[in-house]
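J.: below is the structure, and that's it, no one-letter string:
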């Protein structure tokens, strides 16, 4: 399993390139998803809509793109299991997402539908590419360092994405210093900067990581379809994996929903845009060191116990969110989220990798992202429904908390494998 001759202390060039890429695509997750798209959608593209309608439309926009991924992710992974196309498809998805983000620069004020369409394409391709990126984790690691490399990837992602976001935030605070006419221009140029940044960080993984395996005879697409449906029929034989995926489906929903809707929630509480941006910067730079610490925590106490503990901490965060009233409290909330977010993401990925058969890793990571994005589809939809029905954004916290609790209960039933990764 993994790269021959890789030691515990020294990472291979392939592993370093894999880690490096996270610093690029995380700029999309930070600058676009978590910060500027919801703020710009609210203030620029959807100015004629009410606050409740803006929140609902944003929630449904995220929902649709994630729903499409829900049905396609396993097939994407399965295609790469039966053909030598992992890096090729990964590259295609990355470039489509990069170009879609760049198009946001061109969309005029009031065009909320166009903005949602291109954001949806970017969001889908970002997630689809990450299905294959996650598959590459098994290729660049072995059982002795998979949690370490996974955590390094997320940590470097927070550092790289956070650094660019810091520059983007400075552009919005002092647009004149950067030669820009307005805050709106600064945000639009930030979208372009994400595209350039992401492209630069894409180069090493394209040069260093090679496709493993070989093409199997026959139509790749037909073989992939047969493979996915066969796995669905026989999933009971991988009961442990299936239980984990159900738990993951529920608790990661809360994580994705908090990431995607936090800025909009803060806006509806009346917090200034500048305070929201500062809070999001806090998330990135708190998450960088704490994600590395979570890997050490998992090594000592186990992946499963670590995940249960992070879920408990997220419930504390949700309870605290219901009583926010000022910027200082939002800063504290952001620091709490930053301290937990990278841990639950990185440990979930590395724990899952120890549960699945290596030879079918593409398909299984397709299911991983399918269940993860199903949660991302369900969470914003539930938030949109609760906010629309109760006409109060705080009620959107209720379904998120419920999903965390149900996820923890089911995760308790997962049996931890001992020994090396399955083959």
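T.: Done, it's in. Computed from a predicted structure; not experimentally measured.

J.: if I pick residue 370, what's in contact with it?
T.: By C-beta atoms under 8 Å, 6 or more residues apart in numbering, residue 370 lies in contact with 69, 70, 71, 73, 74. C-beta here means a position set from N, CA and C on the backbone, and glycine is covered the same way.

J.: going through those, which ones are buried?
T.: 69, 70, 73, 74 (16 or more other C-beta atoms under 10 Å).

J.: gap between residue 32 and residue 410?
T.: 32 Å (C-beta to C-beta, to the nearest Å).

J.: which one's more surrounded, the two?
T.: residue 32 (27 against 17; other C-beta atoms under 10 Å).

J.: do a quick rundown of the helices in the stretch 1-150 of the chain.
T.: Along the stretch 1-150 of the chain, counting by DSSP state H, counting those that start in this stretch, helices occupy 13-27, 37-40, 51-81, 86-103, 112-139, 146-173.

J.: mean pLDDT lowest for which of these?
T.: Out of those, helix 51-81 stands lowest, with a mean of 80 (criterion: mean pLDDT).

J.: next, the angle from that one to helix 112-139.
T.: Angle, helix 51-81 to helix 112-139, by axes from the mean of the first three to the mean of the last three C-alpha atoms, to 10 degrees: 40 degrees.

J.: from the helices of the stretch 1-150 of the chain, which stretch is densest packed?
T.: Across the helices of the stretch 1-150 of the chain, the average number of neighbours (mean count of other C-beta atoms under 10 Å) peaks for helix 37-40, which reaches a mean of 25.

J.: which strands and helices sit next to it?
T.: With contacts taken as 3 or more C-beta pairs under 8 Å, 6 or more residues apart in numbering; DSSP states H and E, helix 37-40 sits against helix 112-139, helix 183-208, helix 239-268.

J.: now the shortest one: average pLDDT?
T.: The average pLDDT within helix 183-208 is 94.

J.: in it, what counts as buried?
T.: Going by neighbour count (16+ other C-beta under 10 Å), the buried part of helix 183-208 is 183, 185-191, 193-195, 197-198, 201-202, 204-205, 208.

J.: and which of the contacts of residue 370 is nearest to residue 170?
T.: Of all these, residue 170 sits closest to residue 69, with 33.0 Å by C-beta to C-beta.

J.: the closest one and residue 128 touch, don't they?
T.: Yes - between residue 69 and residue 128 a contact is recorded at 6.1 Å, counting by C-beta atoms under 8 Å.

J.: identify the contacts common to these two.
T.: Common contacts of residue 69 and residue 128 (C-beta under 8 Å, 6+ apart): residue 369.

J.: need the helices and strands packed on helix 37-40 in a markdown table (columns: distance to residue 156).
T.: Formatted as a markdown table, the helices and strands packed on helix 37-40 follow (distance: least, C-beta to C-beta, whole Å):
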| stretch | distance to residue 156 |
| --- | --- |
| helix 112-139 | 13 |
| helix 183-208 | 10 |
| helix 239-268 | 18 |
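
J.: so for residue 90, which of those helices sits nearest?
T.: Proximity of the helices and strands packed on helix 37-40 to residue 90 was assessed by C-beta to C-beta; the nearest stretch is helix 112-139, lying at 4.1 Å.

J.: which neighbouring elements make contact with that closest one?
T.: helix 13-27, helix 37-40, helix 51-81, helix 86-103, helix 146-173, helix 327-355, helix 361-390.

J.: could those go into a markdown table alongside distance to residue 283?
T.: Below are these laid out as a markdown table (distance: least, C-beta to C-beta, whole Å):
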| stretch | distance to residue 283 |
| --- | --- |
| helix 13-27 | 11 |
| helix 37-40 | 14 |
| helix 51-81 | 18 |
| helix 86-103 | 20 |
| helix 146-173 | 8 |
| helix 327-355 | 4 |
| helix 361-390 | 18 |
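
J.: closest to residue 179 out of the ones you listed?
T.: Of all the helices and strands packed on helix 112-139, helix 146-173 sits nearest to residue 179, with 9.9 Å by C-beta to C-beta.

J.: residue 338 and residue 289 touch, don't they?
T.: No - Residue 338 lies out of contact with residue 289 (C-beta under 8 Å); the separation is 9.7 Å.

J.: quick one: which of the two has more around it?
T.: Taking residue 338 and residue 289 together and counting by other C-beta under 10 Å, residue 338 has the greater number of neighbours (24 against 15).

J.: could you find the closest non-adjacent residue to the more buried one?
T.: Counting by C-beta to C-beta, 6 or more residues apart in numbering, residue 338 lies nearest to residue 286, which is 3.3 Å off, once chain neighbours are set aside.

J.: buried set for the helix or strand hosting residue 402?
T.: Per DSSP states H and E: residue 402 is located in helix 397-411. Within helix 397-411, the residues scored as buried using 16+ other C-beta under 10 Å are 397, 399, 400, 401, 403, 404, 406, 407, 408, 410, 411.

J.: which strands and helices lie in contact with the helix or strand hosting residue 308?
T.: Taking DSSP H and E as the criterion, residue 308 maps to helix 303-321. Contact partners of helix 303-321 among helices and strands, from 3+ C-beta pairs under 8 Å, 6+ apart: helix 239-268, helix 273-301, helix 327-355, helix 397-411.

J.: now it: how far from the chain's centre is it?
T.: Its chain's C-alpha centre and that of helix 303-321 lie 18 Å apart, by C-alpha atoms, centre = their mean, to the nearest Å.
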